[in-house]
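Q: Dropping the sequence and predicted coords here.
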Amino acid sequence: MLPVQIKPGIYWVGAIDWNLREFHGYVTQRGSTYNAYLIMDEKITLIDTVKAPFAEEMLSRIAHVVDPAKIDYIISNHVEMDHSGSLPAMRRVCPNAKIFTSAPNGVKGLTAHFGDLGYEAVKTGDSLPLGRRTLHFVNTAMVHWPDNMVSYCPEEKIIFSNDAFGQHYASMERFADELQLEDVFFEAKKYYANIVLPYGPQVQKALAAVLPLDIEIIAPSHGLIWRSHLSDIIERYKTWSANESEEKALVIYDTMWHSTEKMAQAILEGFERKGVPAQLMSLQHHHISDIMTPLMTAKYICVGSPTLNNNMLPTVASFLTYMKGLAPKNRMGLAFGSYGWGGQSVGQVQEALTQAGFEPLDEMMRIQWIPTEAQLQEITERIAAKLP
Ligand SMILES: Cc1cc2nc3c(=O)[nH]c(=O)nc-3n(C[C@H](O)[C@H](O)[C@H](O)COP(=O)(O)O)c2cc1C
């Protein structure tokens, strides 16, 4: 339970949630961390806290540096409870510490969650002198809640970016460059796809406000800290926030008796024929949050469901609802599936893709009962014919 010094006088004092596997519907195979940071200055300052059950872990790390009762300032960059959940515990330990949060939504949100712990409102342009250092606040509303803000320390060139640039990744290492970078980028992509994707314009606004700053370290509130490869993660955020997709395809489906699966394979072959990288993703084997990662950068999204009691399968409906909420843009969609008599599922999938704003790649593809070889070949040819 040791703190980690990230710069002289600045410590990571967060908590490691090794066993976290589910985060409001997002599968976190690698666990997560809740990152809180302690700045030792004339005003001893804590940036964010940790999820409530981890308050003791955070306090024990702080205690290695300073008596937690001596903390003067607490900055709450984000109301969500994985970062604010230990504010009541901190209030008990240091009753006179000032808690700074965004105006007005940070104050409103923290009050709704924890009652009036005594909050001081700050907004973009405000700065807080700590002694040798200062903190500057930038409101980043809707990246990804209305209250979000980030805190920047110009003397140290550190931005405490809260959820932005974070990843769910439990490890003893604190810096991204201490691990396999591709794994960290992958988790950052999964995080963006499942949490931040609906807020592209707000991310771009936040990037415009923050990127002119002189930054050496990005210290997010989950996962690894960026002290190198800053331009790599920033470039990814620019691409993801612009909803830029690649010539790649996903064929996502569920099936009861494998007919829709055969159609999915035939569609996959169509992409293969035109050299478009494609991935087959069965909803029986892939969690919807894992589908979102490749989906975020794939242009062609094909979704298949057989008909069950006049409806699409619940797994497909669940995926489509989740995807619609995350609102990927600039995509082409295709609905397909097998049926026995009414065959309503395919039209329902088609409607969901239209509602999601996807342009149709082709007419929906419906096959009664078991597809024949000839029908499967026709599917492959139709897909190939539609591709550039
Ligand atoms: C429990 C059950 C309910 C079904 N309900 C419908 C239905 O309401 N309408 C329909 O057209 N087909 C219905 N079917 C038939 C399936 O859609 C058909 O068997 C289809 O080929 C299955 O495709 P799959 O092999 O991809 O699962 C039903 C099948 C089952 C097993």
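A: Thanks, I have the structure now. In this text, all values refer to a predicted model and were calculated from it rather than measured experimentally.

Q: Can you report phi and psi for the residue nearest the centre of the chain?
A: Nearest to the mean C-alpha position of the chain, counting by Cα atoms, centre = their mean, stands Y191 at 2.7 Å. The phi/psi pair for Y191 (degrees, to the nearest 10) reads phi -60, psi -50.

Q: Was I right to think it contacts H168?
A: Yes. The pair Y191 / H168 is scored as a contact, 6.2 Å apart, by Cβ atoms under 8 Å. The way it works is simple: take the backbone N, C-alpha and C, and place the C-beta from them, glycine included.

Q: The residue nearest to the centre of the chain and T49, how far apart?
A: According to Cβ to Cβ, to the nearest Å, Y191 and T49 sit 20 Å apart.

Q: now swap in F160 and tell me
A: When F160 is compared with T49 (using Cβ to Cβ), they lie 13 Å apart.

Q: more crowded one of these two?
A: T49 (31 against 24; other Cβ atoms under 10 Å).

Q: For the spatially closest residue to that one that is not a sequence neighbour, list the residues it contacts.
A: Leaving out its chain neighbours, the residue that sits closest to T49 by Cβ to Cβ, 6 or more residues apart in numbering is S86, at 3.7 Å. Applying Cβ atoms under 8 Å, 6 or more residues apart in numbering, we find S86 in contact with A36, T49, V50, K51, A52, F54, A55, M58.

Q: what do you get if the cut-off is 6 Å, keeping everything else the same?
A: S86 is in contact with T49, V50, A52, A55, counting by Cβ atoms under 6 Å, 6 or more residues apart in numbering.

Q: Same question for A298.
A: Residues in contact with A298 (Cβ under 6 Å, 6+ apart) are K248, L250.

Q: How much space separates it from A249?
A: For A298, the distance to A249 equals 6 Å [Cβ to Cβ].

Q: what about V66, which SS state?
A: Local secondary structure at V66 is given as coil here, using DSSP: H, G, I helix; E, B strand; the rest coil.

Q: how about stretch 232-242: buried residues?
A: Within stretch 232-242, the residues scored as buried using 16 or more other Cβ atoms under 10 Å are I233, I234, R236, Y237, T239, W240, S241.

Q: Closest to G304 out of those?
A: W240 (26.3 Å; Cβ to Cβ).

Q: so where do the strands sit in the stretch 101-250 of the chain?
A: Along the stretch 101-250 of the chain, the stretches classed as strands by DSSP state E, counting those that start in this stretch are 119-122, 127-129, 134-139, 149-153, 158-162, 217-220, 246-253.

Q: again with the stretch 251-388 of the chain
A: Under DSSP E, counting those that start in this stretch, the stretch 251-388 of the chain gives strands at 278-282, 298-304, 332-339, 359-360, 365-368.

Q: pLDDT (mean, whole number) over the shortest one?
A: Which is strand 359-360. Averaged across strand 359-360, pLDDT comes to 98.

Q: Contact residues of this structure facing the ligand?
A: Counting by Cβ under 6 Å from any ligand atom, the residues of the chain close to the ligand are 255-260, 306-310, 338-343, 369.

Q: Swap in 8 Å and give it another go.
A: Residues of the chain lying close to the ligand (Cβ under 8 Å from any ligand atom) are 253-263, 304-311, 337-345, 367-370.

Q: What subset of those is buried?
A: Listed as buried from these are 253-255, 259-263, 304-308, 337-339, 343-345, 367; burial here means 16+ other Cβ under 10 Å.
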